[in-house]
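Chemist: any chance you can model this:
(one chain, ligands or ions: 1)
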Amino acid sequence: MSWAVVAGASEGLGAAFAAGLAARGHGLVLVARRVERLEALAATLRERHRVEVECVGLDLADADAVPRLVATLGDREIGVLVCNAAFAPLGAFVDQSAADLETALAVNCRAPLLLVHALLPAMVARRKGSIIWMSSLTAFQGSPWTSVYGATKAFGLAFAEGLWGEVEASGVQVLVCAAGATRTPNYLAHAAKGGAPGELDPEQVVAETLRHLGRGPLLIPGAFNRFASFLMRRVLPRVTTIRIMAGQTKKLEG
Ligand SMILES: NC(=O)c1ccc[n+]([C@@H]2O[C@H](COP(=O)([O-])OP(=O)(O)OC[C@H]3O[C@@H](n4cnc5c(N)ncnc54)[C@H](OP(=O)(O)O)[C@@H]3O)[C@@H](O)[C@H]2O)c1
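Modeler: Residues are numbered from 1 along each chain as shown. From the prediction side, this is the model:
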């Protein structure tokens, strides 16, 4: 059986990826800190899709999190890896603690990078497998008030696109998903009243992402987001795009 590992599966987009992959018949290894949420999701998915689901309670910021996860995976054939977990410190950079900055780097960059490093060789050897890295529209330009989060998402974008080019011919699919505003519990907890233009539901983002596998290195889900991103990247002056992002993230901060 082919297994899918979803890092950050306890709610939001990660839970939607778990559901989407279970519907495609994958066994699941679900990872997050809140293991009781994972267990509740696992029970639903086992019943609905008759797939095996294992829940792994891990803090991906821990230095030994990835080796522990890899040991838990054992000799399972991993067909899909979804690097979805994230930590997003909001507010002025000068007000953020050094500990939060380290957590953002560890959860958003270090852990997924090491996971890909651990799982990719077997995929390349089998000439089969998919890696999905969740990035964000914040990756394309500086995003004031969420500058560290945006920078970690830019890291993921650059890394995954580069890796796509390296393994393209091997049969392994690498896809970076630069999502816009998505109605996850965490987003809704911070979102401005009335929402943001182009908002999508997590299930829409996941469906588009899974459909896009094998069709190129980058997906921006949602027609509005693709158009807005085109304007921001190719038409508007850079300073203007940074100011637009500042307006959006200032609203998020509430
Ligand atoms: N929602 C949006 O509008 C949006 C837009 C663009 C991109 N994205 C990207 O999409 C992804 C998912 O977004 P989301 O809104 O669904 O995020 P979320 O609600 O914050 O969920 C993040 C997931 O990561 C897990 N996680 C966080 N810190 C962790 C840690 N230290 N160790 C293990 N697991 C951890 C959380 O589970 P626990 O808390 O149980 O550990 C949760 O399952 C992120 O990469 C985000 O950057 C989201």
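Chemist: and G180, how far from R243?
Modeler: According to CB to CB, to the nearest Å, G180 stands 18 Å off from R243. Any C-beta I mention is one placed from the backbone N, CA and C, and that applies to glycine too.
Chemist: around the ligand, which positions in the protein sit nearby?
Modeler: Counting by CB under 6 Å from any ligand atom, the chain comes close to the ligand at 8-14, 32-34, 37, 58-61, 84-87, 107, 134, 136, 179, 181-182, 184-187.
Chemist: can you name the residue of this structure nearest to the ligand?
Modeler: G12 (2.3 Å; CB to the nearest ligand atom).
Chemist: which residue sits closest to that residue, ignoring its sequence neighbours?
Modeler: T184 (3.1 Å; CB to CB, 6 or more residues apart in numbering).
Chemist: how about stretch 67-78: buried residues?
Modeler: By neighbour count on 16 or more other CB atoms under 10 Å, the buried set for stretch 67-78 is L69, V70, L73, R76, I78.
Chemist: what about it, average pLDDT?
Modeler: Confidence over stretch 67-78 (mean pLDDT, whole number) is 97.
Chemist: re earlier: G180 and R243 - which one has more neighbours?
Modeler: Higher neighbour count among G180 and R243: G180, with 22 against 13, using other CB atoms under 10 Å.
Chemist: just list the residues touching that one, thanks.
Modeler: Residues in contact with G180, defined by CB atoms under 8 Å, 6 or more residues apart in numbering, are 136-137, 196, 198-200, 220-222, 224-225, 228-229.
Chemist: the same query, at a cut-off of 7 Å, please.
Modeler: Applying CB atoms under 7 Å, 6 or more residues apart in numbering to G180 gives the contacts L137, G198, G222, N225.
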